[in-house]
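1. How does the following fold in three dimensions:
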Amino acid sequence: MKSHLVIVTVAAALALPASATAGTRHFDGSVDPSGAISFDARTRLGRVVKVLPGLAFKHVPMICDDGARTVTGGFKFGIPVAHRRFTGTGIYTGGGKVTVSGEFTHHGRRADGTIKISGNFTAIGATGCHAKHDWRAKRS
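-> Alright, predicted model coming up:
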């Protein structure tokens, strides 16, 4: 009976470090003054190491030549995280550019940063657009 207990204990001890070494965390948040941001991040040994493909932002306000507009989009590429910081830039049809930069807290439970928008977004008929907003997200 004791030999079975030892085998189960050893197997459990070996499985724990493997599950604790890597994982995925989901973050949801808001853009100030309006809009939303969400993304998944890969962790290794408890530290965030990469923002995974699929970072999305919705209804982020911007000022364009024809007035106030909003932009919704996302990144189909991953963004490496170094020293808890990351920056990714997406170029859209017509030359519009969206840059999302951020920093994770020490324990990777929250992140905050800036979203910058500039250029022409022909898919929504917007030209001469620009904006800079702060965002905050927490692990959900």
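2. Then Ala123 would be within a helix, right?
-> Yes - with DSSP: H, G, I helix; E, B strand; the rest coil as the criterion, Ala123 is part of a helix.
3. Name the strands paired with whichever strand or helix holds Ser38 and say parallel or antiparallel.
-> Assigned by DSSP states H and E, Ser38 belongs to strand 36-44. Each strand paired with strand 36-44, and its direction, by DSSP bridges: strand 22-31 (antiparallel), strand 47-51 (antiparallel), strand 56-64 (antiparallel).
4. could you dump those to JSON lines with mean neighbour count, distance to Arg110 and mean pLDDT?
-> In this view, the C-beta of every residue, glycine as well, is placed from N, C-alpha and C. Conversion of the strands paired with strand 36-44 to JSON lines gives the following (neighbours: other C-beta atoms under 10 Å; distance: least, C-beta to C-beta, whole Å; pLDDT from 0 to 100):
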{"stretch": "strand 22-31", "mean neighbour count": "16", "distance to Arg110": "8", "mean pLDDT": "95"}
{"stretch": "strand 47-51", "mean neighbour count": "19", "distance to Arg110": "11", "mean pLDDT": "96"}
{"stretch": "strand 56-64", "mean neighbour count": "18", "distance to Arg110": "17", "mean pLDDT": "97"}
